[in-house]
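Q: predicted model follows, preceded by the sequence.
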Amino acid sequence: MQEKIPTSLKIFSLLIIWVLTMLGIHLLFRLQTITFIRNNLAILNCAILIYVPLVATWKLKPPLPLFEKTLGQLFASLKLFIIFSIVIFPIMLGLNHLLQKGVFNFIFFGFVTFSRNFAPTHEWQEFLTAIPYQLFFVALPEEFFFRSYMQTFLNEYFGKPFRFLGAQVGWGLVLTSLLFAISHSFIYVQWWHFSIFFPSLVFGWLREKTGSITASVLFHATSNLFSLWVAMNYR
């Protein structure tokens, strides 16, 4: 009779897979001097984030949570995404405007100075092109790797003893968000990477509430597009 693998060993293996995956993605970015990698970077990055979990869990039953199984579940996820977007993004828009105008400069003790004006751009081609890119090549593979794969196994170890806004959650949500934020620094280090932890909590909560990654993928992509919109319109 085959012995069951201890859950703690599964979590250790999960962290090893995370480190190796992030190092692999880092290597891709370092090898952009190679024409093939530079021209296909998004596809290669996407492939790593999707196929690593698929290979690691190919015998898993039931499979990793991915998309909804019924139209009713899909509509519920879309409704939740719309509600969160209506509530959160106007708040973020106001806070961003105050930050860009320097209202919060004191938080950074003078080391960071913001003084940008809102100057709407009329060049929307870059933004429109970014929509399918952010959705299919960034949000979808990242949510599959972190929320569907990593958060599922961390939940198995830590459980989900807490209830927050109608969703059963646990330390897996918090740790996944922490690893998600750290992962961005594997590619290149930016001082603001710590802030990625906070929207990641929303992504993880949406995954727990809906049992799928549809809402988290859509909210993730919209968050990235919001950041791009800010970069294009505040100069």
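A: Now that the structure is in, tell me what you want to look at. Residues are numbered from 1 along each chain as shown.
Q: could you count how many residues lie near the residue lying closest to residue 148 once chain neighbours are set aside?
A: Once flanking residues are discounted, residue 148 sits nearest to residue 64: 4.7 Å by CB to CB, 6 or more residues apart in numbering. Any C-beta I mention is one placed from the backbone N, CA and C, and that applies to glycine too. Residues within reach of residue 64, counting by other CB atoms under 10 Å, total 17.
Q: the one 10 residues further on too?
A: Residues within reach of residue 74, counting by other CB under 10 Å, total 16.
Q: contact partners for it?
A: The contact partners of residue 74, taken as CB atoms under 8 Å, 6 or more residues apart in numbering, are 67, 68, 214.
Q: which non-adjacent residue is nearest the last one?
A: With sequence-adjacent residues excluded and distances taken as CB to CB, 6+ apart, residue 214 is closest to residue 77, at 4.4 Å.
Q: spit out the contact partners of the one you found.
A: Neighbouring residues of residue 77 by CB under 8 Å, 6+ apart: 68, 206, 210, 212, 214, 215.
Q: kindly indicate the member of these with the most neighbours.
A: Using other CB under 10 Å as the neighbour test, those are led by residue 215, with 28 neighbours.
Q: now residue 227: how far from residue 192?
A: Relative to residue 192, residue 227 is positioned 10 Å away (CB to CB, to the nearest Å).
Q: which one's more surrounded, these two?
A: Neighbour totals were compared for residue 227 and residue 192, and residue 227 leads with 14 against 8 (other CB under 10 Å).
Q: give me the distance between the strand or helix carrying that one and the centre of its chain.
A: Using DSSP states H and E, residue 227 sits in helix 214-233. The chain centroid and the centroid of helix 214-233 are separated by 11 Å under CA atoms, centre = their mean, to the nearest Å.
Q: next, the buried residues of stretch 43-60.
A: 44, 45, 46, 48, 49, 50, 52, 53, 56 (16 or more other CB atoms under 10 Å).
Q: in this structure, which spans are strands?
A: Remark: strands assigned in the chain by DSSP state E are 162-164, 167-169.
Q: got any ranges where this structure has weak pLDDT?
A: For the chain, the stretches with pLDDT under 70 are 1-7, 61-62, 101-116.
Q: again, 80 this time
A: Residues of the chain meeting the criterion pLDDT under 80: 1-10, 59-65, 97-123, 192, 234-235.
Q: apart from its neighbours in sequence, what residue is nearest residue 160?
A: In space, and not counting its chain neighbours, residue 160 is closest to residue 170: 3.9 Å by CB to CB, 6+ apart.
Q: who are the neighbours in contact with that neighbour?
A: Residue 170 makes contact with 154, 155, 158, 159, 160, 161, 162, according to CB under 8 Å, 6+ apart.
Q: so the second one touches residue 174, yeah?
A: No. Counting by CB atoms under 8 Å, residue 155 does not reach residue 174; the two are 11.1 Å apart.
Q: tell me which other helices or strands the helix holding residue 227 touches.
A: Applying 3 or more CB pairs under 8 Å, 6 or more residues apart in numbering; DSSP states H and E, one finds that helix 214-233 makes contact with helix 71-100, helix 125-132, helix 140-143, helix 197-210.
Q: pick the most deeply packed of these.
A: helix 140-143 (a mean of 24; mean count of other CB atoms under 10 Å).
Q: how far out from the middle of the chain is that helix?
A: Its chain's average C-alpha position is 7 Å from that of helix 140-143, according to CA atoms, centre = their mean.
Q: alpha carbons of it, in PDB - could you do that?
A: This file holds the C-alpha atoms of helix 140-143, laid out as PDB (Å, rounded to 0.1, in the frame of the first residue of the first chain):
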ATOM      1  CA  LEU A 140      -4.900  34.600 -16.600                       C
ATOM      2  CA  PRO A 141      -1.600  32.800 -16.200                       C
ATOM      3  CA  GLU A 142      -0.700  34.600 -12.900                       C
ATOM      4  CA  GLU A 143      -4.100  33.900 -11.400                       C
END
